[in-house]
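Chemist: Predicted coordinates and the sequence they were generated for:
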Amino acid sequence: MTAPDGLRAVDVLTVVAVTAPTPTVRRVVLTGTAEAVAAAGPTVNLLVPRVDDPAPRWPQVARDGRVVWPVGSHGVALRSYTARRQDPARGEVEIDFVLHGDGPAAAWAAAAAPGGVLGIAGSGDLGVRPAATVLLAGDETALPAISRILAEAAPATTGLALVEVAGPEEEQPLVAPTGVTVRWLHRGDTPPGESTLLADAVAGLDPAGDDVFAWVGAESAAVRAIRADLRSRWGLGRAQHHAIGYWRHGRPMSPAG
Ligand SMILES: Cc1cc2nc3c(=O)[nH]c(=O)nc-3n(C[C@H](O)[C@H](O)[C@H](O)COP(=O)(O)OP(=O)(O)OC[C@H]3O[C@@H](n4cnc5c(N)ncnc54)[C@H](O)[C@@H]3O)c2cc1C
């Protein structure tokens, strides 16, 4: 509900289940009203409380979508994630969190248990456009987005999805059009953010035809290298690619927390 000052309360979702589809991913199922679930994706701005804070001091949201933080200490961090599944009829949203170690969101996910809460402060699309041929490139943080893009692609779509993960144990089943090849890249002992696998793999490809769309989500330096390649060697214009840094090596993603 919107108050006379134009500020509205954030939607709050409650954890109902937590599973581990791979060793470093926690899959958290959250429940809320049908409206809140429908509005919680595909990309979603999560308000992540401190671990073990049962009554977080949530911010509010202004008419223009701005997050208005409470005065003083609140311990709530704002982070972007992807709803890999949204089911308003069942009132469920599913989010895969990579457990990378540090960071309020990773720590929250590592400790998540039924009854826990997360706030939602807005959402956006995945930035993908339909095309005859797609190039998708991402690491494990982009896997939820890539799984949605592939599942929603037209059956006649052709192309390639490159996904960098630590090893075979981090691969996940993907539903894709038969004309799209999924290629897993294993960085092994190289720490995340220090591998050039993804950028090297794109650099080794021949540019696809005219009706192509490239989608990239990974660590920022890798995305910068791939974006430069797509714009120069592939000659892709702004409408033909979406390449954004999903996380920054050695730096938190948001100053808000
Ligand atoms: C549109 C969008 C959608 C996203 N969707 C997802 C998603 O569905 N699932 C998901 O897991 N992530 C997703 N991310 C990435 C996620 O927002 C970042 O990983 C974020 O930094 C995690 O916040 P944090 O509080 O855990 O760590 P932060 O406080 O942001 O960072 C703390 C430290 O952890 C490091 N770090 C952050 N992420 C990683 C990582 N993946 N591997 C290794 N080190 C890391 C940072 O470099 C920093 O040193 C998405 C990002 C964007 C922009």
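Modeler: Here it is on my side, so go on.
Chemist: Tell me the residues of the stretch 101-250 of the chain that contact the ligand?
Modeler: For the stretch 101-250 of the chain, the residues in contact with the ligand (CB under 6 Å from any ligand atom) are 102-106, 141, 144, 192-193, 246-250. Quick note: C-beta positions are derived from backbone N, CA and C, even for glycine.
Chemist: residues near residue 61, how many?
Modeler: For residue 61, the neighbour count with other CB atoms under 10 Å is 23.
Chemist: Revised request: answer the last question for residue 199.
Modeler: If we define neighbours as other CB under 10 Å, then residue 199 has 23 of them.
Chemist: that older thread, what is the lowest-pLDDT residue among the residues of the stretch 101-250 of the chain next to the ligand?
Modeler: Ranked by pLDDT, these bottom out at residue 102 (85).
Chemist: Quick check: phi and psi at it.
Modeler: Main-chain torsions, residue 102, degrees, to the nearest 10: phi -70, psi 170.
Chemist: Contact partners for it?
Modeler: With contact set as CB atoms under 8 Å, 6 or more residues apart in numbering, residue 102 has no partners.
Chemist: do residue 110 as well
Modeler: Shown in contact with residue 110 (CB under 8 Å, 6+ apart): 26, 99.
Chemist: let's go with 10 Å and repeat that
Modeler: 18, 26, 51, 97, 99, 100, 101 (CB atoms under 10 Å, 6 or more residues apart in numbering).
Chemist: and what of residue 203?
Modeler: 196, 225, 226, 229, 233.
Chemist: On the pLDDT front, check the first one for me.
Modeler: Right, the one you point to is residue 196. So residue 196 comes in at 96 (pLDDT).
Chemist: got it, and the second one?
Modeler: The per-residue pLDDT reported for residue 225 equals 98.
Chemist: that older thread, sort out which of the contacts of residue 110 are buried, if you could.
Modeler: Applying 16 or more other CB atoms under 10 Å to those, the neighbour count classes 18, 26, 97, 99, 100 as buried.
Chemist: Any chance of the backbone angles for the residue of the chain found nearest the ligand?
Modeler: In the chain, the residue that lies nearest the ligand is residue 103 (2.1 Å; CB to the nearest ligand atom). Here is the backbone geometry of residue 103 (degrees, to the nearest 10): phi 110, psi 140.
Chemist: swap in residue 229?
Modeler: Main-chain torsions, residue 229, degrees, to the nearest 10: phi -60, psi -40.
Chemist: so how many other residues sit close to residue 55?
Modeler: Close neighbours of residue 55, defined as other CB under 10 Å, add up to 7.
Chemist: Can you give me the separation between the closest residue to residue 63 other than its chain neighbours and residue 62?
Modeler: Take residue 63 and drop its neighbours on the chain: the residue closest to it by CB to CB, 6 or more residues apart in numbering is residue 6, 4.7 Å away. Separation of residue 6 from residue 62 (CB to CB, to the nearest Å): 6 Å.
Chemist: and for these two, which residues touch both?
Modeler: Contact criterion CB under 10 Å, 6+ apart; residues shared by residue 6 and residue 62: residue 68.
Chemist: Which residue is the nearest non-sequential neighbour of residue 39?
Modeler: residue 123 (5.9 Å).
Chemist: so who does that neighbour touch?
Modeler: Contacts for residue 123 (CB under 10 Å, 6+ apart) come out as 38-46, 65, 80-83, 86.
Chemist: Point out the least confident member of these, please.
Modeler: residue 65 (86).
Chemist: since we're on it, how many residues are nearby?
Modeler: 11.
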